[in-house]
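**Q** for reference, the sequence and a predicted model appear below.
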Amino acid sequence: MRLRKIAFVLVFVFTLTSTISAQTYREFVALVEVYRNTKGYNWTESWDLNTPMTAWKGVTIKDGHVVGLDLSNNNLEGKIPLTLVNLKHLKHLDLSGNKLKGRLPGGIGRMTQLYTFNVSSNGLTGRIPRGFAKLSKLKSLQLANNNFEDFRGLEEIKKHQLVFFDMNSDFKHLQLLSLKSQNVRMANLEYEDIE
């Protein structure tokens, strides 16, 4: 009987460790794909992929998971990889001020922990994915200065969900707070609960 209990505990611990390691590996792969798809070797602040993720500029890790990714104004060129949505613990994403092209990944709705999402000032095109409506914690959405053609993916966002919304196209569905209060809240929101 005692041997069975020990065996059960060992199997449980092994399964738990494997699950955690698999998620961490998916996060590592997602970041490496961002690096490769956006010409990381040409970034202003490049990563040494032979060092731990904790040493990579712009990557914030908490409890073993990537919770922040700030690669703003870092000379990223290319497309955002689909694997980015594997960063399921991500709370802050800022890819603004780069030369990104193509579409936003369709699985964005799986990134349920996101508070801030900023891809402004790139060359992104296509439709806004419908997954934004699933991001119940999202407070700041910045899409301005891109070339999006279809905004129906934003229609299902709850009216007062967002505190800050920036888009250079007229989108009247969302009734946001006054600009003055948005800027005040934005300052406190950006790294909320990350560090």
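**A** Now that the structure is in, tell me what you want to look at. Model, not experiment: these values are computed from the prediction.
**Q** quick one: contacts for the residue nearest the centre of the chain?
**A** By Cα atoms, centre = their mean, the chain has its centre lying nearest to residue 93, at 4.0 Å. By Cβ atoms under 8 Å, 6 or more residues apart in numbering, the contact set of residue 93 is 68-69, 87, 111, 114, 116-119. From N, CA and C alone the C-beta is placed, and that goes for glycine too.
**Q** what's the weakest-modelled helix or strand in this structure?
**A** Across the helices and strands of the chain, mean confidence by mean pLDDT, DSSP states H and E is lowest for helix 179-189: a mean of 40.
**Q** okay, and which of the contacts of residue 93 map to strands?
**A** Using DSSP state E, the subset of the contacts of residue 93 located in strands is 68-69, 116-118.
**Q** would you mind putting these into a markdown table with distance to residue 59, neighbour count and pLDDT alongside?
**A** Formatted as a markdown table, these follow (distance: Cβ to Cβ, whole Å; neighbours: other Cβ atoms under 10 Å; pLDDT from 0 to 100):
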| residue | distance to residue 59 | neighbour count | pLDDT |
| --- | --- | --- | --- |
| 68 | 7 | 22 | 97 |
| 69 | 6 | 21 | 98 |
| 116 | 15 | 25 | 95 |
| 117 | 17 | 22 | 95 |
| 118 | 16 | 22 | 96 |
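**Q** what is the nearest of those residues to residue 49?
**A** residue 69 (15.4 Å; Cβ to Cβ).
**Q** just give the nearest non-adjacent residue to that closest one, would you?
**A** The shortest distance from residue 69 to any non-neighbouring residue, by Cβ to Cβ, 6 or more residues apart in numbering, is to residue 93 (5.3 Å).
**Q** can you confirm that neighbour is in a helix?
**A** No: according to DSSP: H, G, I helix; E, B strand; the rest coil, residue 93 belongs to no helix; its state is strand.
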